[in-house]
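>>> Provided below for reference: sequence and predicted model.
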Amino acid sequence: MPNPKRRHSKSRTGKRRAHDALRAPQTIICSNCQEPRMPHRVCPKCGQYKGREIIRVVVES
């Protein structure tokens, strides 16, 4: 197996790792219930997507 001849500099290593940082997931506000939800997903609170009821959500009391 080939091995590196010389070590990589700190700046080169940092350039490679520049895109490895984790980001917080983006959320949008549901137009029906005003709860945060992931974009392009059915709202877990009310079950609606693009103004239509996709899943029926049972409210537990």
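Nice, I can see it. Residues are numbered from 1 along each chain as shown.

>>> strands of the protein, start to end?
Listed in chain order, the strands of the chain (DSSP state E) span 28-29, 36-37, 48-49, 52-53.

>>> identify the residues contacting the second one?
Taking contacts as Cβ atoms under 8 Å, 6 or more residues apart in numbering, the residues outside strand 36-37 that touch it are 27-30, 43-45. Bear in mind the C-beta positions are built from the backbone N, C-alpha and C, glycine included.

>>> list only buried entries from those residues.
Among those, the ones that count as buried by 16 or more other Cβ atoms under 10 Å are 30, 43.

>>> closest one to residue 3 out of the contacts of strand 36-37, please.
residue 27 (45.2 Å; Cβ to Cβ).

>>> tell me the spacing between that closest one and residue 7.
As judged by Cβ to Cβ, to the nearest Å, residue 27 and residue 7 stand 42 Å apart.

>>> just want the most central residue of this structure.
Against the mean C-alpha coordinate of the chain, by Cα atoms, centre = their mean, the closest residue is residue 25 at 3.5 Å.

>>> surely that one and residue 38 touch.
Yes. If you go by Cβ atoms under 8 Å, residue 25 and residue 38 touch, sitting 6.5 Å apart.

>>> chain center to the lowest-mean-pLDDT helix or strand in the chain, what's the gap?
Using mean pLDDT, DSSP states H and E, strand 52-53 stands out as the lowest-scoring helix or strand of the chain, at a mean of 90. Taking Cα atoms, centre = their mean, to the nearest Å, one finds the center of strand 52-53 at 23 Å from the center of the full chain.

>>> got a list of contacts for that strand?
Counting by Cβ under 8 Å, 6+ apart, residue 47 sit against strand 52-53.

>>> okay, now the sheet partners of that strand, with direction.
Strand 52-53 pairs in its sheet with strand 48-49 (antiparallel), by DSSP bridges.

>>> so what touches the strand it pairs with?
Contacts for strand 48-49 (Cβ under 8 Å, 6+ apart): 30, 32-33, 41-43, 54.
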